[in-house]
Every structure is written in structure tokens, then in C-alpha cells.
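1. One predicted model, sequence on top.
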Amino acid sequence: MKSMVLTGIREMQMTVVEKPKIIHPTDVLIRMKTVGVCGSDIHYYVSGKIGSQVVSYPFAVGHEGAGVVEEVGTGVTHVQVGDQVAIEPAMPCFECDQCLSGRHHTCRKLLFLGCPGQAEGCLSEFIVMPETSCFPLAENLSCDDGAISEPLSIGVYAVRLASMELQHLKIGILGFGPIGMSVLLAAKAQGAGSFYVTDKLDYRCAIALKAGALWAGNPDKADIVEMIKTEEPQLLDVVFECCGKQEAADQAVELLKPGGKLMMIGIPEFDRWSFPVDPLRRKEICIQNVRRQNHAVEETLSLLEKGMVDISLMPTHRFPFEKTKEAFDLVAGYHDGVMKAMIDFE
């Protein structure tokens, strides 16, 4: 079968590898149909690492995927051959202390698609996943829905983790890539009040307004803190940092009201965050890191099935499997108004 692998910094090529086989009774062989290009894939593409996770070449990335069940193991019960499935990239052990406490996303032995040292990604014609990572798609959902349910589930989980009644809340989203959009869509589906969005790309600010933001601004072109304070003198209830930038974290602390909550989702390219102690302490700001998602895939697929979330603004570009490198270069350079590039296998 064909697999698209990273071979160096900003280098990628198509290779022929052995087709994976079902080994365990609960294994599912999936023929890939659609893969979304994620920001973390781009980190591996342009830097070769995310923190301590360093690529050993060659390596296939990709973890936002959907496909068709080709074959199932003898113990598989909830999917069958021919089903279209969304793929949950996390493969926990279900036995460690974290799993037993319900924290499958921080499993001590977690394997994750496209994560160096854990599992090859889904930029291959076929992959094998455990049954627990396969979620059948409703008849009214497409493989685009299945693939995008992965980043969208992070937004759903982050909103849930904010642990607030969202009705009428004032929410900030700093960084409006696919994760920032996922947060907005998830919070909007839960009835949140007003959204204030920032991004350094004007076209993404425009998309945010189309997606339901009350206000959007570019921090490179205006004092977004003062502008939002003018709109909301009482400041914001919760701010989601979705771009991994120190200046965004600083802005978040300024924008939060006393007792507010800062949700850290973005993946930074540096090793340490810094926070101003005085306002953080005096306003009693709570800081919550968000690690991928936990128990949110089914809820996300349900929101999509019921039409409570509209992802139509997220996929902006499509590429055939053979032109995956072009997709990565497009996303890495933020070219041509890209929000989410999709890879099609057929």
C-alpha cells in the first residue's frame, strides 16, 4: 500500500509499505477516505518535533481521519465491514491508574496516531485501529464530518472543562485556526453569550464573524485589549488561548474579569509560559490546560448529526493523496485563505 511519510524538515514523499493486518480480535482494518491536516502535523513537518516528541524519519503523521471498515477481528461487535467511521486517534490501555479514573487521554501507556514513538499516522491507504477508536457515522454525516470531529471534539472537551454555565457568558478566543473555530462552534452549540475573537490573519477574523463571533480583531493592527474592554467594561468570563503565543496569554490575563478562567489549548514552540503575578493573583485567575479531548467524540458526533454545529466554514482546500506535500506547504505558510486542508484518498 502507499503511505506518505516525512523524510526530513519540510520534506515528504510517497512510499510503498506493507499493508497492515488484523492481529488482535478487537482490531479493525480501515480504508482511509479523508484526512484533515492539523497544526500539530505542521509542527512535525516544519520543526521535526513538539516538545519532547521528536520525529525519527521516515514517519507518517496524520490523526484527523475517517474511512470505511474493510475487515474486522473476531471480537469486534459495534462496527462492521462497510461502515463509515470516524477515527479517534488515541489508543489508551484502559488498565492504568489514569484510565481507571476516567482520564483516558492521559493514559500512562497511551498510543496516538501520528505521534513519534507511539504510532504511525493515518496518511496511508489503510490503517488498523482498535474497535474502541472507531465510531460509526450516522447516515447524514460525511467522512469530512468524521475527520473534523477530531479537532471539534477538542473544542467540545475544552468548553466542558471550562466548567461554567455558558449561557450569557462573555468568551474570548485568541487564535482562530481550526481549534479556535472548534471552541466557538462548541460553545455556541451550548448557548454561550458573546464571542470576542483575535487572530493575526484578517481573513480568519472575517471567518470568525461569519461563524458567529460578535467581534473580531487583529492584534498586529490594533490594541485588541483596549478595544474589547471598551465593548465589555466588566471584562470576559473565560478566555481560550488557542494559538500558543506568549503575547496571547498576556492579553488573556488582561481581558479576564476577577474569578475568570484561562483555558490553555494552543501548542507553543517554546518551553515555558510566563504570567504576570500581580493581576493573576489579585483577580484570582484560574489557569486550566487542555490536553486533546476526553470522552467527547460521541457528544461531538451527536452535535453534528443533530445539525447543532455547522463545520462548513472549516474545510477550505482539498488535495488528492498524492499532493499531500502541497497541502502541508499551504497550511504551513497560511496561504490562500486556508483554514483546514483536507486530503482525499479517492
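-> Received, thanks.
2. Tell me which other helices or strands the helix or strand where Q251 lies touches.
-> Using DSSP states H and E, Q251 sits within helix 246-255. Packing partners of helix 246-255 (3 or more Cβ pairs under 8 Å, 6 or more residues apart in numbering; DSSP states H and E): strand 170-174, strand 194-198, helix 224-231, strand 236-241, strand 256-264, helix 277-282. (Glycine included, C-beta is placed from N, CA and C.)
3. Need these in JSON lines (columns: distance to I22).
-> Output for the helices and strands packed on helix 246-255, formatted as JSON lines (distance: least, Cβ to Cβ, whole Å):
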{"stretch": "strand 170-174", "distance to I22": "42"}
{"stretch": "strand 194-198", "distance to I22": "45"}
{"stretch": "helix 224-231", "distance to I22": "52"}
{"stretch": "strand 236-241", "distance to I22": "40"}
{"stretch": "strand 256-264", "distance to I22": "39"}
{"stretch": "helix 277-282", "distance to I22": "51"}
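4. now those in JSON lines, with distance to I50, mean neighbour count and mean pLDDT?
-> Formatted as JSON lines, the helices and strands packed on helix 246-255 follow (distance: least, Cβ to Cβ, whole Å; neighbours: other Cβ atoms under 10 Å; pLDDT from 0 to 100):
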{"stretch": "strand 170-174", "distance to I50": "20", "mean neighbour count": "27", "mean pLDDT": "97"}
{"stretch": "strand 194-198", "distance to I50": "23", "mean neighbour count": "26", "mean pLDDT": "97"}
{"stretch": "helix 224-231", "distance to I50": "27", "mean neighbour count": "16", "mean pLDDT": "98"}
{"stretch": "strand 236-241", "distance to I50": "17", "mean neighbour count": "27", "mean pLDDT": "97"}
{"stretch": "strand 256-264", "distance to I50": "15", "mean neighbour count": "19", "mean pLDDT": "98"}
{"stretch": "helix 277-282", "distance to I50": "26", "mean neighbour count": "11", "mean pLDDT": "97"}
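5. Please name whichever of those is nearest to G114.
-> For these, proximity to G114 was assessed by Cβ to Cβ; strand 256-264 is nearest, at 21.9 Å.
6. And for the closest one, what's in contact with it?
-> 158, 161-164, 172, 234-241, 249, 252-253, 273, 282-290 (Cβ atoms under 8 Å, 6 or more residues apart in numbering).
7. Put the alpha carbons of that strand into PDB.
-> The C-alpha coordinates for strand 256-264 follow below in PDB (Å, rounded to 0.1, in the frame of the first residue of the first chain):
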ATOM      1  CA  LEU A 256     -10.300  38.300  32.200                       C
ATOM      2  CA  LYS A 257     -12.600  39.600  34.900                       C
ATOM      3  CA  PRO A 258     -11.900  38.700  38.600                       C
ATOM      4  CA  GLY A 259     -12.600  35.000  39.000                       C
ATOM      5  CA  GLY A 260     -12.200  34.300  35.300                       C
ATOM      6  CA  LYS A 261     -10.800  31.300  33.700                       C
ATOM      7  CA  LEU A 262      -7.900  30.900  31.200                       C
ATOM      8  CA  MET A 263      -8.100  27.800  29.100                       C
ATOM      9  CA  MET A 264      -4.700  26.900  27.600                       C
END
